[in-house]
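A.B. asks: got a predicted structure here, sequence first:
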Protein chains: 2
Amino acid sequence: MLKFFVSSKDKKARAGYFETGHGVVETPVFMPVGTQGTVKAVNQKYLEEIKTQVVLSNTYHLYLRPGTEVLEKAGGLHRFMNWQKPILTDSGGFQVFSLSELRKVKQDGVEFKSHLDGSAHFFTPEKVVAIQGSIGSDIIMVLDECTPYPCEYEYALNSAKLTSSWALMSKEAFEKSVPLYGHKQFMFGIIQGSVYKDIRELSAKDIAKLDFDGYAIGGLAVGEPVDIMYEMVDYTTSLMPENKPRYLMGVGRPENLLEAVERGVDMFDCVMPTRNGRNAYLFTSKGILSMRNAKYKDDFSEIDKQCDCYTCKNFSKAYLRHLFIAGEILALELASIHNLYFYLKLMRTAREKIIEGRFSEWKKEILKSISLNNITTEA
Amino acid sequence: MLKFFVSSKDKKARAGYFETGHGVVETPVFMPVGTQGTVKAVNQKYLEEIKTQVVLSNTYHLYLRPGTEVLEKAGGLHRFMNWQKPILTDSGGFQVFSLSELRKVKQDGVEFKSHLDGSAHFFTPEKVVAIQGSIGSDIIMVLDECTPYPCEYEYALNSAKLTSSWALMSKEAFEKSVPLYGHKQFMFGIIQGSVYKDIRELSAKDIAKLDFDGYAIGGLAVGEPVDIMYEMVDYTTSLMPENKPRYLMGVGRPENLLEAVERGVDMFDCVMPTRNGRNAYLFTSKGILSMRNAKYKDDFSEIDKQCDCYTCKNFSKAYLRHLFIAGEILALELASIHNLYFYLKLMRTAREKIIEGRFSEWKKEILKSISLNNITTEA
């Protein structure tokens, strides 16, 4: 069992930590997304420099490429990508539903065709556990069905039930499995239920019964209004075990993270900092900057005065703009490093503020400044 | 005047050094190409780590984007790109002839249309000096006409004469100019003459008369057979001043560099390591590897056992192949870092061997191994 310690609480917000075979993770934590065994445009040395605690990678993608055979021969993903800190892997459920063609949900799993070559595959809960065994993830996510938004009540109910039955199958498979690379693996369950409180409650009870190492809230940030997302997060966390980490999957904007921390969430992942970075949107203490903007042409100030990342310490807005306009690869690296640093620091600061007992007060202040100039981005 | 010291000679091969306002440069030296104020896919910290001595940037590109106004406001390219070691800038002549549309060579300069937006521009020798003043290059190259291959005798002769007259105009403009950023600037002349010895001789004499800080051999590596290139290099270096650095522009493959060093060349630049790197071709002590090759799928050995670069010290062939196959940006960075490191180390070792007086012997050995598996690459 994963040992999770809540060291401080500030109303519902929690500062905690848990230990994996690859080190301690302090929560709240943001996990940079390294879908295919690399965080896009950021090398492993910079991931360490910006104090990444956990990299999130993806079962669906790694299964298709490089494949479990290569990963096993490599001695797991940690060795393959040379990342010695914790790795959490998404179960692939989300990708099956969002990326692959001709998927067919059945009682015992999901049939799909690869988005790469159209080849046919079948993911069962057991298979997904086995793939994550080959990957050697510190934290394994169970296979679930992520419902879209909007989603009819009936569909959401049946889907949540299916997710519960898959969770049981996953747990049983996991208990029979033996870690391949000498380090312990942990498994998180996923609560579904779309935007329906009673289904969330049903799902939370079903999943919690199985006594996972941690619990995720799935099926949010799929297009629903943000108020509904917050309401669902608030309601769902109130149903989740106190002594286990809570992970809100695929969320989100900096303000979404802070609102969710306030509602008792401990873990996050999102492509937003890296994807937006590659599109020239920079998160800063004064709001989002669109680095292609002509007004930065001769603005030689740092991107964010309050930031200590490699990008801000070494380069100006004008230089970064030039790199984006000129289509230079360095732009992608510098923007991604900065945005990830911003997210990671936001979570470190949130943790401090929870410990100091002034999280909500700080949240209000910081939201005022980081929400300035709020460009609608593509994430 | 640039002070260039030849500390050792081994037949025609020279080990030397010269001092700029941004530090000492030890020769023979390879200069990574940072066309638009960034070496593609490699950040400035890694450029330092791999012991880059000089970055080559490009007058034509920087003039079009970000433009001299921005560069002057930034305090020059060194500050703009945060690179505190020497910068040499190509005059832009080569780009005018290879990239731009509707160019028209006139007695007093060259008229061209931008490859970016079709806007009309006129480069005179004086203007090119002024642009490089705005850039703040440690080494300014004169405007020249780079003849194509093949090139008719008559055209080559007239072109070399034009280049000579531009060289004079450049020198006069340079002598009247005042450095903008407090550091001294130096200027190199360029010898043309295509593959005609008598024109090379004429050009070398014309250019040497003007007493530049260094001399470049232009108009080679434009498609002529390699034997002719070596013959021209050998002949041209024999006509060049002993006490000035000799720079062979745009060359080339590792073996080309070594052959040219043996013939008395001190400085090189080429897009080959970075461009080939981005195309998955890796230069190694055992020849060129095409990293997309399926045979590396489960080859977890380092790319080059004899290499100490970040890539080789941290990642396997299998991982790099995966990154290329998956289209990941990290592949471009890792391959570029490795290839540049390979080139830079090759020149550092060449220097040591010259000092030890065993350059030719070493060259024969090293060529045997680095020419293994010689894939024809796209550079």
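C.D. replies: Received the coordinates, thanks.
A.B. asks: residue A:332 touches residue A:277, doesn't it?
C.D. replies: Yes: contact criterion Cβ atoms under 8 Å: residue A:332 and residue A:277 qualify, at 7.1 Å. No exception for glycine: its C-beta is placed from N, CA and C like everyone else's.
A.B. asks: right, and the helix or strand after the helix or strand where residue A:335 lies?
C.D. replies: Per DSSP states H and E: residue A:335 is located in helix A:329-356. Using DSSP H and E, the helix or strand that follows helix A:329-356 in sequence is helix A:359-370.
A.B. asks: got the CA coordinates for that next one in CSV?
C.D. replies: The C-alpha trace of helix A:359-370 is given here as CSV (Å, rounded to 0.1, in the frame of the first residue of the first chain):
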residue,chain,number,x,y,z
PHE,A,359,-4.0,29.1,1.0
SER,A,360,-7.4,30.8,0.2
GLU,A,361,-6.1,34.3,0.8
TRP,A,362,-3.0,33.7,-1.4
LYS,A,363,-5.2,32.0,-4.0
LYS,A,364,-7.3,35.1,-4.3
GLU,A,365,-4.3,37.4,-4.7
ILE,A,366,-2.5,35.2,-7.2
LEU,A,367,-5.6,34.6,-9.3
LYS,A,368,-5.9,38.4,-9.7
SER,A,369,-2.5,38.7,-11.3
ILE,A,370,-2.2,35.5,-13.2
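A.B. asks: so how far is it from its chain's centroid?
C.D. replies: Put simply, helix A:359-370 sits 22 Å off its chain's centre (Cα atoms, centre = their mean, to the nearest Å).
A.B. asks: and for residue A:197, the neighbour number?
C.D. replies: Residue A:197: 13 surrounding residues under other Cβ atoms under 10 Å in any protein chain shown.
A.B. asks: how about it, what does it touch?
C.D. replies: Going by Cβ atoms under 8 Å, 6 or more residues apart in numbering or on different chains, residue A:197 touches A:232, A:235.
A.B. asks: beta-bridge partners for the nearest residue to residue A:124 once chain neighbours are set aside, please?
C.D. replies: Excluding the flanking residues, the one nearest residue A:124 by Cβ to Cβ, 6 or more residues apart in numbering or on different chains is residue A:109, at 3.6 Å. Counting by DSSP bridges, residue A:109 is bridged to residue A:106.
A.B. asks: right, and residue A:109 touches residue A:127 too?
C.D. replies: Yes: when contacts are counted by Cβ under 8 Å, residue A:109 is listed as touching residue A:127 (7.1 Å).
A.B. asks: so what's residue A:116 up against?
C.D. replies: Contacts for residue A:116 (Cβ under 8 Å, 6+ apart) come out as A:64, A:65.
A.B. asks: need the pLDDT of it.
C.D. replies: For residue A:116, the model assigns a pLDDT of 92.
A.B. asks: then residue A:218?
C.D. replies: 97.
A.B. asks: how near is it to residue A:24?
C.D. replies: Using Cβ to Cβ, to the nearest Å, one gets 25 Å for the distance from residue A:218 to residue A:24.
A.B. asks: these two: who's more crowded?
C.D. replies: Ranked by neighbour count (other Cβ under 10 Å), residue A:218 and residue A:24 place residue A:218 first, with 31 against 12.
A.B. asks: next up, phi/psi of that one, please.
C.D. replies: Here the main-chain torsion angles of residue A:218 (degrees, to the nearest 10) amount to phi -110, psi 170.
A.B. asks: show me what contacts it?
C.D. replies: Neighbour list for residue A:218: A:94, A:144, A:146, A:163, A:190, A:191, A:192, A:249 [criterion: Cβ under 8 Å, 6+ apart].
A.B. asks: narrow those residues to those in strands?
C.D. replies: Cross-referencing those against strands under DSSP state E gives A:190, A:191.
A.B. asks: a markdown table for the contacts of residue A:218, including pLDDT, distance to residue A:57 and neighbour count?
C.D. replies: Formatted as a markdown table, the contacts of residue A:218 follow (pLDDT from 0 to 100; distance: Cβ to Cβ, whole Å; neighbours: other Cβ atoms under 10 Å in any protein chain shown):
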| residue | pLDDT | distance to residue A:57 | neighbour count |
| --- | --- | --- | --- |
| A:94 | 86 | 13 | 22 |
| A:144 | 96 | 17 | 32 |
| A:146 | 92 | 17 | 23 |
| A:163 | 97 | 22 | 28 |
| A:190 | 98 | 17 | 29 |
| A:191 | 98 | 22 | 32 |
| A:192 | 98 | 22 | 33 |
| A:249 | 98 | 14 | 26 |
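A.B. asks: pull the most distant pair out of the contacts of residue A:218.
C.D. replies: Maximum pairwise distance in these, criterion Cβ to Cβ, is 14.3 Å, between A:94 and A:191.
A.B. asks: which ones are touching residue A:289?
C.D. replies: A:281, A:282, A:296, A:303, A:317, A:373.
A.B. asks: now with 6 Å, please.
C.D. replies: Contact analysis of residue A:289 by Cβ atoms under 6 Å, 6 or more residues apart in numbering or on different chains lists residue A:282.
A.B. asks: now do the SS call for it.
C.D. replies: With DSSP: H, G, I helix; E, B strand; the rest coil as the basis, residue A:289 sits in strand.
A.B. asks: what do you get for residue A:188?
C.D. replies: Secondary structure, three-state DSSP: residue A:188 is strand.
A.B. asks: ok, so what distance separates it from chain B?
C.D. replies: As for residue A:188, its distance to chain B is 26 Å (criterion: Cβ to the nearest Cβ, to the nearest Å).
A.B. asks: do residue A:201 as well
C.D. replies: Separation of residue A:201 from chain B (Cβ to the nearest Cβ): 40 Å.
A.B. asks: now that residue, nearest residue through space, not along the chain?
C.D. replies: Leaving aside its sequence neighbours, residue A:201 sits nearest to residue A:239 (Cβ to Cβ, 6+ apart; 5.8 Å).
A.B. asks: ok, now residue A:40?
C.D. replies: Among residues not flanking residue A:40 along the chain, residue A:274 sits closest, at 5.1 Å (Cβ to Cβ, 6+ apart).
A.B. asks: so for that neighbour, what's the pLDDT?
C.D. replies: At residue A:274, pLDDT is 98.
A.B. asks: got it, and residue A:90?
C.D. replies: Each residue has a pLDDT score; the one for residue A:90 is 96.
A.B. asks: where's residue A:372, which helix or strand?
C.D. replies: Under the assignment here (DSSP H and E), residue A:372 is part of no helix and no strand.
A.B. asks: what number of residues lie near it?
C.D. replies: If you count neighbours by other Cβ under 10 Å, residue A:372 ends up with 13.
A.B. asks: neighbour count winner among residue A:332 and residue A:277?
C.D. replies: The neighbour comparison of residue A:332 against residue A:277 (other Cβ under 10 Å) goes to residue A:277, with 28 against 24.
A.B. asks: next SSE downstream of the helix or strand harbouring that one?
C.D. replies: Per DSSP H and E, residue A:277 falls inside helix A:272-278. The helix or strand immediately downstream of helix A:272-278 is strand A:281-284, counting by DSSP H and E.
A.B. asks: thinking again about what came up before, in this structure the residue nearest to residue A:40 contacts residue A:337, no?
C.D. replies: No: using Cβ atoms under 6 Å, residue A:274 makes no contact with residue A:337, being 9.6 Å away.
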